[in-house]
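**Student:** What follows is a predicted protein model with its sequence.
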Amino acid sequence: MSGQSNDDLAAWAEPRRQEILQVARTLAADLPLRFLRQQAHYTTPASNHELAEKAASKGFASVNKILGKYGISIPQLAETLEVDASSIEELLGDDPHAPLVMIDGEDAQALDDEVVERGRKNAVRVFNEAEWGPTLRFYRPSGLRLPYCLGDMDYVLTHAGAGRPADAYPIDGVIFPKIEHPAEVDWLLDVLSALEERLELAPNQIKLQLLVESGWAVANLSELVRRSVPRLSGIIFGIADYSADLALPDIRFDHPVCDWARAHVINAAGAVGVPAIDAMTVNFPVADPALSEDENQRRILDRLKECFDDAIRGIDLGMKGKWVGHPAQLFVVLLAYQVRLSSGTMQAELTKIKTYLEAVREKVGATVIEGVMSDRATDRHARARLREGVALGLLSPADGVALGVVTPEEVADLHD
């Protein structure tokens, strides 16, 4: 292009710049704020209606009963988890709904025709009848390699929405297991689009979360994610199947290869703007009949500590949530997020933004805030954190709107 004038350069280069930017925008999810509230994914088997209904409606209402049964006091739990007892008391008093509940029609139920049919009917019933509150409602069908896969999605997604208008459709999305190759994503997206058309739903109304559970899934992750936007609302790391697929010596939460896979999940999720969700801690806080009362008390405390520490570790890596399969796990994971992402942390980020804005008004490009260099990059980081803070209730919507990290329309949708 040598020899061209500046006007000629602008004529061909500027339109191409705009085209490139437009393509980039299509590779970023535009999630409603409520989909940033995924600190804990509570999984429950579709085949057990009672358990599924409790998971959807009652959060961790049974935690006090569990603690009482094994003589675990709040000070004792606080000492074990190394947190203030007041944090535990506050969360127990709130007894919130789980941020997300997944009705599981795959691994959590037996591969049996009768069980599968019962699970489908239970899932429809729970999606329609449970007192969900603000909980995100997701369904996990059988994976593509099982004969029940298409039937699960067809039956549950169709019957749950029968006779309902689009704005009252009772399922937020599908968590799809054991996805590995781009052609599988293409098939899945086509199926979901066909179901939306049948149900007269908006395009991409049924959100999608990908379960990364194999070597191929990690190897193909960038392409799987690229094809899934804009329907994508999360990426989940499944440690048990991943460990099995790679024949790792054991299912170990902190295995170096698992951390390598986590890094891929966190990077891919962050690139398109969806939450990265960490794996479940497989050691549940349940008693062993062969142990004494005191031994079981220690066992449960140790397993609650393990789950809490796993959650903290995930948060520090960049995970936005964690899978749980037991009400006491749900409690300690929400506690971990409450402790780590406290309102004090949000206020510190708020101070950073306000100080940087003042520097900009004074025509200073970069400044120092509490001894730390601050510029547009650090301001961007603070804004991302504060956007999450509004979604999680750690920062007032008014402050979020005033700073431009959320819009009034997003706040209104958050409280609908």
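**Tutor:** Yep, that arrived. Residues are numbered from 1 along each chain as shown.

**Student:** and Glu295, what are its phi and psi?
**Tutor:** For Glu295, the backbone dihedrals are phi -70, psi -40 (criterion: degrees, to the nearest 10).

**Student:** Over to the one 10 residues further on?
**Tutor:** Main-chain torsions, Lys305, degrees, to the nearest 10: phi -60, psi -40.

**Student:** quick one: contacts for it?
**Tutor:** Shown in contact with Lys305 (Cβ atoms under 8 Å, 6 or more residues apart in numbering): Thr80, Leu81. For every residue, glycine as well, the C-beta is placed using N, CA and C.

**Student:** contacting residues for Pro32?
**Tutor:** Contacts of Pro32 by Cβ under 8 Å, 6+ apart are Glu410, Asp413, Leu414.

**Student:** And those, which is closest to Pro203?
**Tutor:** Asp413 (17.6 Å; Cβ to Cβ).

**Student:** where does that closest one fall, helix, sheet strand or coil?
**Tutor:** helix (DSSP: H, G, I helix; E, B strand; the rest coil).

**Student:** From Met346, how far out is the residue lying closest to it once chain neighbours are set aside?
**Tutor:** With Cβ to Cβ, 6 or more residues apart in numbering as the criterion, Asp413 has its nearest non-adjacent residue at 5.3 Å, and that residue is Pro32. Separation of Pro32 from Met346 (Cβ to Cβ, to the nearest Å) stands at 20 Å.

**Student:** go on, Gly59?
**Tutor:** 23 Å.

**Student:** Check the contacts of Pro32 against Asn64 and report the nearest one.
**Tutor:** Nearest to Asn64 among these, with distances taken as Cβ to Cβ, is Leu414, at 29.2 Å.

**Student:** Apart from its chain neighbours, what residue comes closest to the closest one?
**Tutor:** Going by Cβ to Cβ, 6+ apart, Leu414 has Leu33 as its nearest residue, at 4.5 Å.

**Student:** which residues touch Gly389?
**Tutor:** Counting by Cβ under 8 Å, 6+ apart, Gly389 makes contact with Leu341, Met346, Glu349, Leu395, Gly400.

**Student:** isn't Met346 right next to Ala382, touching?
**Tutor:** No: taking Cβ atoms under 8 Å as the definition, Met346 is not a contact partner of Ala382, at 9.8 Å.

**Student:** Look up how far Glu131 lies from the nearest residue to Tyr337 once chain neighbours are set aside.
**Tutor:** Nearest residue to Tyr337, sequence neighbours excluded (Cβ to Cβ, 6+ apart): Gln39, at 4.3 Å. Distance, Gln39 to Glu131, by Cβ to Cβ: 20 Å.

**Student:** cool, Ile266 as well?
**Tutor:** 33 Å.

**Student:** Looking at the two, which has the bigger crowd around it?
**Tutor:** Ile266 (20 against 10; other Cβ atoms under 10 Å).

**Student:** OK, contacts around that one?
**Tutor:** Neighbours of Ile266 in contact, by Cβ under 8 Å, 6+ apart: Ala276, Leu317, Gly318, Met319.

**Student:** Doesn't it belong to a helix?
**Tutor:** Yes: under three-state DSSP, Ile266 sits within a helix.

**Student:** What pLDDT does the model give it?
**Tutor:** Listed pLDDT for Ile266 reads 98.

**Student:** quick one on the thing from earlier: closest to Ala219 among the contacts of Pro32?
**Tutor:** Scanning those for proximity to Ala219, where the rule is Cβ to Cβ, the winner is Glu410, at 35.2 Å.

**Student:** The closest one: what's its closest spatial neighbour, skipping adjacent residues?
**Tutor:** Leu33 (4.9 Å).

**Student:** which residues sit in contact with the one you found?
**Tutor:** Arg387, Val390, Ala391, Val406, Glu410, Val411, Asp413, Leu414.

**Student:** what pLDDT does the residue nearest to Glu180 when sequence neighbours are not counted get?
**Tutor:** Nearest residue to Glu180, sequence neighbours excluded (Cβ to Cβ, 6+ apart): Trp216, at 4.0 Å. Here, the pLDDT recorded for Trp216 equals 98.

**Student:** Could you do Glu370 as well?
**Tutor:** 63.

**Student:** How about Ala56?
**Tutor:** So Ala56 comes in at 86 (pLDDT).

**Student:** hang on, it packs against Val126?
**Tutor:** Yes: with contact defined as Cβ under 8 Å, Ala56 counts as touching Val126 (5.7 Å).
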